[in-house]
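Peer 1: Sequence and predicted structure are below.
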Amino acid sequence: MTQILEAKDISKIYPSGEDTVTALNHLSLSFEAGKITAIVGPSGSGKSTLLNLLAGFDRPSSGSVKHQSTDITTMPETLLATYRLAHFGFIFQNYNLISILNAQENVEMPLSLAGVPRAKRSATAIEILKRVGLAKRSTHYPNQLSGGEQQRVAIARALATNPSVLFADEPTGNLDTSTGKGILELLTEPMEGSQHRTLILITHDMEVAARADTIVRIRDGALEA
Ligand SMILES: Nc1ncnc2c1ncn2[C@@H]1O[C@H](COP(=O)(O)OP(=O)(O)O)[C@@H](O)[C@H]1O
Ligand SMILES: [Mg+2]
């Protein structure tokens, strides 16, 4: 068992007018490589905050997050952006595709940022779009795609850089049950060589959570006993 990601005693306090909100309260948690972890808990319990800290989108008020042996908490912002691009993939509830780019261009985006040459970028994007069942939609723009198709493009985009950890914040939250099922199958399917990708996903759906190797329950910014 290899530990890939570790949050140590993290807290997150947001300013809120004159006041503050404690979104996470001294939480510690670690993740095994190749496992699926489902994060569940009531709305407002700190799930998205936790995922954003783990993925290096935001920084904890105190405590640290380590990926493999690298502490990402103290990394300067420009380095962190490069690090995220190299190691992490993120899937949002609202897909977050770029509306003026077509499906293939959306998938190529992280590869462009990583400096991958045009020909390689295009070949990779086409290959991954095929894998998510969208080979015939590569020139479609987000507004010409259904919700499920948009989420497939978003998954292809997240997978394009072959990340070691894939994060998903309620990826099926805007989809009907059967479309959501297809998306989950895509997210949880084994990689080549039957090794699983490390997947950390937030879900409201207990059926989804039941497919995870580990369920983490959060309440009021802390792990539920
Ligand atoms: N950027 C922010 N500024 C201020 N408060 C925030 C911010 N983001 C989240 N919060 C607050 O932190 C708490 C946890 O939010 P969140 O992590 O989004 O919960 P969940 O994803 O479990 O619904 C909530 O009380 C929320 O209102
Ligand atoms: Mg949330």
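Peer 2: Ah, there it is. Ligands and ions are numbered 1, 2, ... in the order given.
Peer 1: residue ranges for the strands of the chain, please.
Peer 2: Listed in chain order, the strands of the chain (DSSP state E) span 3-16, 19-32, 36-40, 62-67, 70-71, 88-91, 165-169, 198-202, 214-219, 222-223.
Peer 1: Quick one: mean pLDDT over the third one.
Peer 2: Here strand 36-40 scores 96 as its mean pLDDT.
Peer 1: how about it, does it reach ligand 1?
Peer 2: No. Judged by CB under 6 Å from any ligand atom, strand 36-40 stays clear of ligand 1, getting no closer than 8.4 Å. Heads up, the C-betas are built off the backbone N, CA and C, glycines and all.
Peer 1: Show me what that strand is in contact with.
Peer 2: Identification of contacts with strand 36-40 by CB atoms under 8 Å, 6 or more residues apart in numbering yields 31, 47, 50-51, 188, 196, 199-204, 206, 208-209, 211-218.
Peer 1: Return the list of strands paired to that strand, each annotated with direction.
Peer 2: strand 198-202 (parallel), strand 214-219 (parallel) (DSSP bridges).
Peer 1: One more: the first one?
Peer 2: Based on DSSP bridges, the pairing partners of strand 3-16 within the sheet are strand 19-32 (antiparallel), strand 62-67 (antiparallel).
Peer 1: In it, which residues are buried?
Peer 2: 4-8, 10-12 (16 or more other CB atoms under 10 Å).
Peer 1: Between which two of those residues is the distance greatest?
Peer 2: Taking CB to CB, the two most distant members of these are Ile4 and Ser11; they sit 22.2 Å apart.
Peer 1: quick one on the thing from earlier: could the strands of the chain go into TSV alongside distance to Arg118?
Peer 2: Below are these laid out as TSV (distance: least, CB to CB, whole Å):
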stretch	distance to Arg118
strand 3-16	32
strand 19-32	35
strand 36-40	34
strand 62-67	29
strand 70-71	30
strand 88-91	21
strand 165-169	25
strand 198-202	30
strand 214-219	40
strand 222-223	46
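Peer 1: Turn those strands into CSV, including distance to ligand 2.
Peer 2: CSV is the format used below for the strands of the chain (distance: least, CB to the ion, whole Å):
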stretch, distance to ligand 2
strand 3-16, 13
strand 19-32, 10
strand 36-40, 9
strand 62-67, 18
strand 70-71, 25
strand 88-91, 13
strand 165-169, 6
strand 198-202, 6
strand 214-219, 10
strand 222-223, 16
